[in-house]
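> can't give you the sequence, but here's the structure:
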């Protein structure tokens with residue numbers, strides 16, 4: 001009996017509830033003991049979906065670990081310090097993650113907490129006597145979130161337990177093993193498809209809630225990941241043709257925390273600094289240099305996600321995104337300049353935090369530039385034409401960055417795209433610098449089959465297929481060893 005309490009899906013049967021529309025991110029927990037008496041009114045279900053959204057801000061989701069997996073395992077970033085508090089992240093960067101790592105434990109646990117919240121809500125809403133429109137929207141939001149949670153899990157761990165309903169008994173919990181990857185992806189597609197059909201086009205005044213565009217953009221990424229290019233094209237076209245989104249003219253303004261939830265934002269995790277609640281974002285604090293002394297928090301707070309020299313070299317001369325994304329040095333209070341590994345840092349998320357309360361920077365899960373680059377990639381995979389929309393989307397991103405367009409048979413070699421493979425490489429490079437530090441690079445390398453080619457030998461001496469996934473937390477295997485097996489190589 002006591003051992004099953006370590007099974008993550010049952011251990012964390014709590015709902016983060018208590019928010020209202022005006023304060024969407026002010027979420028307070030209530031205990032599982034209140035569930036039976038809770039799901040009665042429209043307000044109850046609104047609060048329940050807000051609680052499900054709050055899982056996006058968990059440490060193992062988008063408060064920290066998912067974005068670090070997406071960059072530290074790539075050729076984009078490295079750790080600026082391997083001090084004991086950062087050792088797990090150094091292991092992540094060096095492909096030495098252990099099955100007892102706090103990182104894999106938190107990613108697994110926190111995603112399944114979110115899934116539990118969604119499944120509980122869905123199990124109660126069908127029979128609820130609430131407004132039909134509200135019921136449809138909340139159901140769609142829940143399915144969107146579950147699709148996102150499982151999309152993350154399947155990319156990080158591969159086969160995972162696929163739980164789409166409440167687990168009511170300990171005996172039932174023991175029946176869940178790891179579900180094959182294709183089946184997990186099928187559920188992700190099903191959840192996001194339902195969400196896209198029922199979500200509103202816009203959520204003005206309720207920023208942070210999912211929209212039709214968010215569901216279609218995520219579906220496009222899912223289809224791209226599983227190499228279903230025709231369906232990816234359809235979903236990405238739906239986002240573009242909706243006319244709900246656009247590129248901001250100035251790349252730097254994307255990262256202005258005082259003007260967030262702008263036209264380029266499709267789906268962001270919402271953060272807001274506060275002295276009375278843990279609602280602020282940690283990114284400024286995390287991504288400043290280690291032992292940085294110019295900010296109102298601990299000098300040992302930074303040193304995460306340091307830009308690699310290889311990434312810095314990837315920016316073309318005159319690329320306006322470089323200065324908006326990273327810094328190669330900083331000046332100490334005494335006037336001395338720190339360079340190299342100790343001086344480089346991620347700059348995109350730079351809102352000045354209130355001591356102990358975090359900052360106002362949101363986390364962008366998907367933005368319009370990502371959609372345009374995915375669309376260009378999909379069009380090229382379907383058919384290389386040498387002109388047309390694929391080039392248009394790629395060059396729209398480049399023009400904003402202050403760069404010349406790439407064209408077929410361009411006399412300048414660096415601007416020439418003469419084949420389908422040339423276009424693949426151009427899109428990959430553009431995604432790398434456009435979306436740097438947003439947690440995409442590693443997953444792009446894996447889905448395109450380029451991880452070993454890119455990382456070996458400049459970043460890693462070798463990279464086997466078993467290293468493309470992280471280990472399943474040992475705690476999960478210990479709970480149910482007959483059903484939960486470890487990934488190869490761990």
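Received the coordinates, thanks. The structure displayed is predicted, hence computed values, not measured ones.
> could you pull out the strands for the stretch 301-450 of the chain?
306-307, 326-327, 330-331, 337-338, 345-346, 363-367 (DSSP state E, counting those that start in this stretch).
> Just put those in TSV and tack on mean neighbour count, mean pLDDT and distance to residue 454.
(Each C-beta comes from the backbone N, C-alpha and C, glycine too.) Formatted as TSV, these follow (neighbours: other C-beta atoms under 10 Å; pLDDT from 0 to 100; distance: least, C-beta to C-beta, whole Å):
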stretch	mean neighbour count	mean pLDDT	distance to residue 454
strand 306-307	26	95	16
strand 326-327	20	96	19
strand 330-331	15	86	29
strand 337-338	12	89	29
strand 345-346	26	94	20
strand 363-367	23	98	23
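> Residue 190 is nearest to which of those strands?
strand 363-367 (19.2 Å; C-beta to C-beta).
> I would like the residues contacting the closest one, please.
By C-beta atoms under 8 Å, 6 or more residues apart in numbering, the residues outside strand 363-367 that reach it are 56, 62, 67, 148, 214, 217-218, 221, 254, 264-269, 271, 281, 283, 438.
> Residue 477 touches residue 485, doesn't it?
Yes - here residue 477 reaches residue 485: they are 7.1 Å apart, a contact under C-beta atoms under 8 Å.
> returning to what we had before: return the subset of the contacts of strand 363-367 lying in helices.
Counted as lying in helices by DSSP state H, out of the contacts of strand 363-367, are 67, 148, 214, 217, 218, 221, 283.
> out of those, who's nearest residue 128?
Using C-beta to C-beta, the ones in helices among the contacts of strand 363-367 come closest to residue 128 at residue 148, 23.6 Å.
> Could you report the neighbour count for the closest one?
29 (other C-beta atoms under 10 Å).
> What score does the closest residue to it other than its chain neighbours have for pLDDT?
Nearest non-adjacent residue to residue 148, counting by C-beta to C-beta, 6 or more residues apart in numbering: residue 218, 6.3 Å away. Model confidence at residue 218, given as pLDDT, is 99.
> count of neighbours near residue 218?
Per other C-beta under 10 Å, the neighbour tally for residue 218 reads 26.
> sorry, back to before: select only the buried ones of the ones in helices among the contacts of strand 363-367 in ChimeraX?
This is how ChimeraX selects the buried members of the ones in helices among the contacts of strand 363-367, with burial counted by 16 or more other C-beta atoms under 10 Å:
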select :67,148,214,217,218,221,283
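> Pick the one among the ones in helices among the contacts of strand 363-367 closest to residue 101.
residue 67 (16.5 Å).
> Which residues in stretch 302-315 does the neighbour count mark as buried?
Quick answer for stretch 302-315 (16+ other C-beta under 10 Å): 302, 303, 304, 305, 306, 307, 308, 310, 311, 314, 315.
> ok, back up a step: when residue 477 and residue 485 are compared, which one has more neighbours?
Neighbour tally, residue 477 and residue 485, criterion other C-beta under 10 Å: the higher count belongs to residue 477, 17 against 13.
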